[in-house]
Each structure stands twice: as C-alpha cells, then as structure tokens.
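Trainee: model this:
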Amino acid sequence: MNVNVAILGSSGRMGRNLIQAANEHPSTNLIGGSVRPSSSFQNVDLGELAGIGKIHINTTSELSTLLAADVFIDFTSIESTFEHLAWCQQNNKAIVIGTTGFTEEQVAQIKSYAQHIPVILAPNTSVGVNVLFKLLEMAAKAVGDFTDIEIFEAHHRFKKDAPSGTAMKMGQVIAETLGRDLNEVAVYGREGVTEERKSDTIGFATVRAGDIVGEHTAFFADLGERIEITHKATTRMTFALGAMRAASWLSTVKPGFYDMQDVLGLKD
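Mentor: Predicted structure coming up:
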C-alpha cells in the first residue's frame, strides 16, 4: 500500500527534488507541500515549482491542510524542523528529517519526540552513502587501529554547515567502532607548524565550491598503502529517492528513533 507524504519546505532546492521523487516513486502518494507564510511561492502548483509540469496540488503555509499525509519529509532548517516536530507530535504524524547541523543536545531533543511518533533522522538519505557507512565500520574494525584516518568532503557554495552532516556521521561510525570519543579525537583543519599527527585522531577537511552536490572520502592510510572509500553524488535526486524509501518504511513502524541503517536493514 502506498504511503501519503507531504514535503515540508517544498520551495527549496532539496524540496523541489523531493516533490519530483514523491510524485514519481511507486510507493508514495504526494498529497501536498508547505512553504513559509512569507514565501512568494504561496499557492503555486507543486509540479510547476519542481519543473515537472502541473500536478494540480498547490503549496500551502497551513500544515493543518496536510493532515491526509501519513509521513512528513523535512529538509529545511534546524529551527523549522523543531517547529515541524512539535506539530507532528501534536497530530500523531511520522517524520523523516534530512536537515543537518544538529548539536548533540538537539539530537537528544529529537529523540524525546521519537518517544511519541516515528522519527527518522538521517544526515544523508542516499542509499549509497548508507552502504558507505557500513563499509566504514568494516574497514575500521580491520585496520582502524593501525592507520591514520582522514575524512574529506566537498559541497556546493550554498551549504551552511561544515563539516557536513554526512562527514560527521562517517567520523562517528569510525570512532564508535574503534571505541573512541569523536569529540576528543576529531581535528578540524590544520594550519601552520603543527605537532606530529597523533595516531588516534580523525581529521576532517572541507571544500565549498560551485555546484558540487556532495563528495565524501574516508582515508585509512598506513606506511606503504592506504584504503580510500568514496561516495560521489551527482544529483540531489539520489537523496530524494532515498527519502521516499525511508518514508515508506517509516509508515510501517511504531514510534521510535530510527536512521537509514534501520530502513536498509544494515544494522547487526
């Protein structure tokens, strides 16, 4: 059975891809999309907004008009996401969150909402990236204690948070596998004369340029050899289609805090 979905923040770059994915995906029915009350895209046809032609469903700033949705999909901002979480809890609606940049305290807040409604928090909804996370766990178990670990990420010039949520998740997966606290071992950039690299650190390097959709590489480097595990996205549709898969799965589960590893059955 198809799941009814609504796109929150439908006028944004990611929102428009989500509209197209929800309209075309075989397991989802697009029933609406929201914009801010001050938006110039009020009452605009969602299909025209996404560049796929009229689908005769208009944007709205009134979430109460979207109650037919089973699952809401949110790739907006931290502030807006918490507003949407509160509304979803009040109305017993599931939500897929692709917003990034949350602090540990904010993640704890999200988990408190998940006691009442089904919530997926995914720094990256790409199926390929989530396979990457599993590969990182495998590599860390095999060689992590004997190699220097560095994470590189590149995104478009408009991205606001750095390192990316995906890069941070990569670091968390590796650190947790090795029994390390990422807060203690992470190194964010280097400049000038630095000390010799500490063996247990995990380095991060960030690029913001042009229209790069998303590139991530983890290096496990030893003397004489290194392993590089890379994912490159060339279109935002990969994230949008993954979000539809997440929404379909989320509609079948009880309240709780989930991620894409749950959706894909990649957890041990």
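Trainee: C-alpha from now on. contacts and neighbour counts both.
Mentor: OK.
Trainee: which helices and strands does the longest helix along the chain pack with?
Mentor: For the chain, the helix with the greatest residue count under DSSP state H is helix 127-143. Applying 3 or more Cα pairs under 8 Å, 6 or more residues apart in numbering; DSSP states H and E, one finds that helix 127-143 contacts helix 165-177, strand 225-233, helix 237-250, helix 260-263.
Trainee: closest to residue 199 out of those?
Mentor: Smallest distance to residue 199 across the helices and strands packed on helix 127-143 (Cα to Cα): 12.7 Å, for helix 165-177.
Trainee: circling back to that earlier point, which is the next helix or strand following the longest helix of the chain?
Mentor: Heading C-terminal from helix 127-143, the first helix or strand you meet, by DSSP states H and E, is strand 148-155.
Trainee: Can you say which of the helices and strands packed on helix 127-143 is packed in most?
Mentor: When you average the neighbours per residue for each of the helices and strands packed on helix 127-143 (mean count of other Cα atoms under 10 Å), helix 237-250 leads with a mean of 23.
Trainee: who touches it?
Mentor: Residues from elsewhere that reach helix 237-250 (Cα atoms under 8 Å, 6 or more residues apart in numbering): 2-3, 5, 14, 17-18, 21-22, 25, 27-28, 71-73, 94-96, 118-120, 124-127, 260, 263.
Trainee: about what we covered before: what's next to the longest helix of the chain, contact-wise?
Mentor: Under Cα under 8 Å, 6+ apart, the answer for helix 127-143 is 124, 170, 173-174, 177-178, 218, 220, 229-231, 238-239, 242, 260-261, 264, 266.
Trainee: give me that answer again for 6 Å
Mentor: For helix 127-143, the surrounding residues in contact (Cα atoms under 6 Å, 6 or more residues apart in numbering) are 174, 242.
Trainee: quick check: angle from it to helix 237-250?
Mentor: Calculated by axes from the mean of the first three to the mean of the last three Cα atoms, to 10 degrees, helix 127-143 forms an angle of 90 degrees with helix 237-250.
Trainee: how about helix 127-143: buried residues?
Mentor: Neighbour-count burial for helix 127-143, counted by 16 or more other Cα atoms under 10 Å, picks out 127, 128, 129, 130, 132, 133, 134, 136, 137, 139, 140, 143.
Trainee: centre of the chain versus it, how much separation?
Mentor: 17 Å (Cα atoms, centre = their mean, to the nearest Å).
Trainee: try stretch 246-256
Mentor: Offset of stretch 246-256 from its chain centre (Cα atoms, centre = their mean): 16 Å.
Trainee: Show the end-to-end separation of it, please.
Mentor: 14 Å (Cα to Cα, to the nearest Å).
Trainee: Over to stretch 229-238?
Mentor: For stretch 229-238, the first-to-last residue distance is 18 Å (Cα to Cα).
Trainee: Stretch 64-78 now?
Mentor: With Cα to Cα as the measure, the first residue of stretch 64-78 is 21 Å from its last.
Trainee: Could you do stretch 39-58 as well?
Mentor: Termini of stretch 39-58 sit 13 Å apart (Cα to Cα).
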